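Asker: Curious how this folds, go ahead:
(chains A and B)
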2 protein chains.
Amino acid sequence: MQVSNAPPADAARHADMVVVGGGIIGLSIAWRAARHGRSVIVVDPAPGSGASHAAAGMLAPVSEVAYTEEPLLRLGLASLSRWPAFAAELSAESGVDVDHRGEGTLDVAFGADDLAALSEVADFLEKLSLPVQRLTGRECRRAEPMLAPSVRGGILVAGDAWVDPRRVTAALLAALARRGVPVFADRVTGLLSADGPVRGVRCASGAAIGAGLVVLAAGAWSGSLPGLPPEVLPPVRPVKGQIMRLRGAPGFLGRCVRGVVHGSRAYLVPRGDGEIVLGATQEEMGFDTRVTAGALWELLRDARELVPGITELEVVDLAAGLRPGTPDNLPVIGPSGVDGLVLATGHHRGGVLLCPLTAELVAGDPDPGLVPLAALCSPLRFTEAHR
Amino acid sequence: MQVSNAPPADAARHADMVVVGGGIIGLSIAWRAARHGRSVIVVDPAPGSGASHAAAGMLAPVSEVAYTEEPLLRLGLASLSRWPAFAAELSAESGVDVDHRGEGTLDVAFGADDLAALSEVADFLEKLSLPVQRLTGRECRRAEPMLAPSVRGGILVAGDAWVDPRRVTAALLAALARRGVPVFADRVTGLLSADGPVRGVRCASGAAIGAGLVVLAAGAWSGSLPGLPPEVLPPVRPVKGQIMRLRGAPGFLGRCVRGVVHGSRAYLVPRGDGEIVLGATQEEMGFDTRVTAGALWELLRDARELVPGITELEVVDLAAGLRPGTPDNLPVIGPSGVDGLVLATGHHRGGVLLCPLTAELVAGDPDPGLVPLAALCSPLRFTEAHR
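Answerer: Purely as a prediction, here's the structure:
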């Protein structure tokens, strides 16, 4: 990993932009800014180790949101359409294949109630002219032979895609290294400002980094940066997610498989090398990143009902991460209300999906058509509510 | 770990005894031989990493055997009685606390059938004058408050004890290092002999080690040592076991808890530091040491029914090991029928329990009362059957 532990040399102690947080959001912003010719510095105690490390990487705006959450769906669709170019450019520049795949999601149901709910999702997608296909149980199993025989039916959302988030952060770190963007393994402990605009950051090592713009992209930790007035701090909370990675043979599954099992949404995401990711819990546990027995049990119980054959697969990794949740489930992107400070956090379950869009909004030349979407994400919606 | 990778120096290329296998059995034999003043060399590609690494460490001769297997029970009881002195001497000599505990096993039942089966075990123990106490469900929960409310009753086997097998192998390696016994990280590829008695071993590194006695204690791999006639090779097969280690608080459980859940025997073993070991699967999978999704699911499902609160605990380790099983479930200990070669393998689920007894039988001054037990373990029972 291209991370420097050295405190910044004097020459590097100023940049156009300092990004606080080296997760998938912060790194995407830094990469976009660098490509637009700006000097950038990223600061993170452990780059690439946050929520994206424990993410499955589904780019599934439809399947991932309650279909009543139309603003979030529109954000997701806007970012999904940017992913093919983002992935291609990132892979070309970094030399890292991010395993971007687009075979869609098969969302299945076991009972009549679940089937009816899926049918409503399909109605909704058809209303939006999004591609969706209704499948019988037999058609589901023809599409994915490893599916449980008890599957009653499902819908195939052809537009859904997915990537390997660990490869994406590795690719972003490699691309930044090639562009000479420093990524400091340090922790930001405060902001530089003299009772006015933000002018940079101070680090745990003692280093101070001046910047024309500070981007706070520290995920679930974004709400606790010292030195900001409470109404400016984004109201993010950690939402714990635990995943399990299994070693399958390539072709074990052809696409993402999802379903409601025991009342919770379970999914299996296949990688190009045959790895299967089981996800993911949603737990309100504060800043707790322990992998727990109960979460593994639920992941295995649910995934086993969807695809019984996973029991034969080797367990290669367990991971827990903290997603930054917000009160309205929408991210917090844009000017903070304090001069020189921009926020880019609160992506909850959508950080991987939304990183191209977020980078575009924060780091240069956003498509003018994004203005209404950007307004939905404005941090000021909370600032005003707070006052 | 006190392991040398260097090929043996010329001076060390001969010993009174070479032990093939650095698991809990081989190391115990080497330690006993060294204490009796013999020069010893141990050879193992990865000492301490075998079946004992994935063992829970129950010293539970009664609970661990079908109570009809009286010979195995007698072996287990003989070894159990040796454990307190073995643990005390080993800890004193090595400076490593092996977490030897003796609070007994609580064996519980959920249904009337299981309760009746436990009652028969209790009858059997009483017939042998072994201490056993019959408990109601309420008494079980008073003894272990974390037990599931649905427990109907149980028996408390007060004589059962347990140790941490990883600490035992670490202690044995430390004790051997203090006594100057070399433990070579090498693989034995054949025996030195000139169409007659065994005179030593040949290693993958090319080193040859001469010895008056070769002890084959290579666990599940003991049956595949090249250069021996088939009737001399012990008929051991690998029986896979998978365990999970959780981080609990000290006092979460006060003793070993066992029960039949979904037709399989599940147990939880508490360590002094609060760690809880869940065990263990029994799988006939050949030389397969993958940790699998299905095994974790079964371990969690069963342990959760016995002690629901384990779901809150952190998962700290997953491990799989291969026990050396034999056709009659008894170990294979004693002269092989080939001069200069002694076998010490086939301990199946009892390697930790039986290591003091095995070391005594193989490496010096066995109690004369052990003669009938030793006869039960003789390798010649298979040699004769083979012929």
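
Asker: How about residues contacting the longest helix seen in chain A?
Answerer: When chain A is parsed with DSSP state H, its longest helix is helix A:70-94. Helix A:70-94 is touched from outside by A:31, A:59-62, A:64-65, A:67, A:96-98, A:100, A:102, A:130, A:159, A:161, A:163, A:168, A:170-172, A:174-175, A:178, A:329-331, A:350, A:353-358, A:360, A:370, A:373, A:376-377, with contacts defined as C-beta atoms under 8 Å, 6 or more residues apart in numbering or on different chains. Just so you know, the C-beta spots here come from the backbone N, C-alpha and C atoms, and that holds for glycine as well.

Asker: For ChimeraX, write the selection for the buried entries among the residues you listed.
Answerer: To isolate the buried members of these in ChimeraX, using 16 or more other C-beta atoms under 10 Å in any protein chain shown:
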select /A:31,59,60,61,62,64,65,67,96,98,100,102,130,159,161,163,168,170,171,172,174,175,330,331,350,353,354,355,356,357,358,360,373,376,377
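
Asker: In the stretch 1-150 of chain A, what residue comes closest to chain B?
Answerer: residue A:146 (13.1 Å; C-beta to the nearest C-beta).

Asker: How much space separates that residue from residue B:290?
Answerer: 19 Å (C-beta to C-beta, to the nearest Å).

Asker: likewise residue A:295?
Answerer: Taken as C-beta to C-beta, the span from residue A:295 to residue B:290 is 21 Å.

Asker: Who has more neighbours out of those two?
Answerer: Shown here are residue A:295 and residue B:290; by other C-beta atoms under 10 Å in any protein chain shown, residue A:295 has more neighbours (23 against 16).

Asker: downstream neighbour of the host helix or strand of that one in the secondary structure list?
Answerer: Here residue A:295, judged by DSSP states H and E, is contained in helix A:293-306. Next helix or strand after helix A:293-306 toward the C-terminus (DSSP H and E): strand A:314-325.

Asker: what packs against that following strand?
Answerer: strand A:237-247, helix B:293-306 (3 or more C-beta pairs under 8 Å, 6 or more residues apart in numbering or on different chains; DSSP states H and E).

Asker: can we see that at 6 Å?
Answerer: Using 3 or more C-beta pairs under 6 Å, 6 or more residues apart in numbering or on different chains; DSSP states H and E, the elements in contact with strand A:314-325 are strand A:237-247.

Asker: tell me how far the helix or strand hosting residue A:120 is from the chain's mean position?
Answerer: Element membership for residue A:120 (DSSP H and E) is helix A:112-127. Centroid separation for helix A:112-127 versus its chain: 26 Å, with C-alpha atoms, centre = their mean, to the nearest Å.

Asker: and it, what does it pack onto?
Answerer: Going by 3+ C-beta pairs under 6 Å, 6+ apart, helix A:112-127 lies up against strand A:105-109, strand A:153-157.

Asker: Make CSV out of these and add distance to chain B and mean neighbour count.
Answerer: Shown next, in CSV, are the helices and strands packed on helix A:112-127 (distance: least, C-beta to the nearest C-beta, whole Å; neighbours: other C-beta atoms under 10 Å in any protein chain shown):
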stretch, distance to chain B, mean neighbour count
strand A:105-109, 19, 27
strand A:153-157, 23, 24
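
Asker: Any chance of the ones you listed in CSV with mean pLDDT and distance to residue A:36 as columns?
Answerer: As requested, those are exported to CSV (pLDDT from 0 to 100; distance: least, C-beta to C-beta, whole Å):
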stretch, mean pLDDT, distance to residue A:36
strand A:105-109, 95, 33
strand A:153-157, 96, 33
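
Asker: Which of those sits closest to residue B:233?
Answerer: Closest approach to residue B:233 among the helices and strands packed on helix A:112-127 (C-beta to C-beta): strand A:105-109, 51.0 Å.

Asker: So what touches that closest one?
Answerer: Under the criterion C-beta atoms under 6 Å, 6 or more residues apart in numbering or on different chains, residues A:60, A:63, A:115, A:118, A:140, A:143-144, A:151-157, A:160, A:255-259 lie in contact with strand A:105-109.

Asker: are any of the residues you listed buried, and which?
Answerer: A:60, A:63, A:115, A:118, A:140, A:143-144, A:151, A:153-157, A:160, A:255-259.

Asker: ok, which residues in the stretch 201-350 of chain A are in contact with chain B?
Answerer: Within the stretch 201-350 of chain A, the residues that sit near chain B (C-beta under 6 Å from any C-beta of the partner chain) are A:246, A:290-294, A:297, A:300, A:310-311, A:313-315.

Asker: of all those residues, which two lie farthest apart?
Answerer: Across these (C-beta to C-beta), the longest gap, 24.5 Å, separates A:290 and A:311.

Asker: Quick one: mean pLDDT for the longest helix of chain A?
Answerer: Confidence for helix A:70-94, expressed as mean pLDDT, is 95.

Asker: Counting neighbours, which bits of it end up buried?
Answerer: Here helix A:70-94 shows A:72-80, A:82-83, A:86-87, A:90-91, A:93-94 as buried, counting by 16+ other C-beta under 10 Å.

Asker: Check stretch A:42-59 too.
Answerer: Buried residues in stretch A:42-59 (16+ other C-beta under 10 Å): A:42-45, A:47-59.

Asker: what ranges of the stretch 1-150 of chain A fall below the confidence cut-off?
Answerer: For the stretch 1-150 of chain A, the stretches with pLDDT under 70 are A:1-12, A:63-68.

Asker: One more pass at 50, please.
Answerer: A:1-2, A:11 (pLDDT under 50).

Asker: for the closest residue to residue A:295 other than its chain neighbours, what are its contacts?
Answerer: Excluding its sequence neighbours, the residue lying closest to residue A:295 (C-beta to C-beta, 6 or more residues apart in numbering or on different chains) is residue A:242, at 4.1 Å. Contacts for residue A:242 (C-beta under 6 Å, 6+ apart) come out as A:281, A:291, A:295, A:320.
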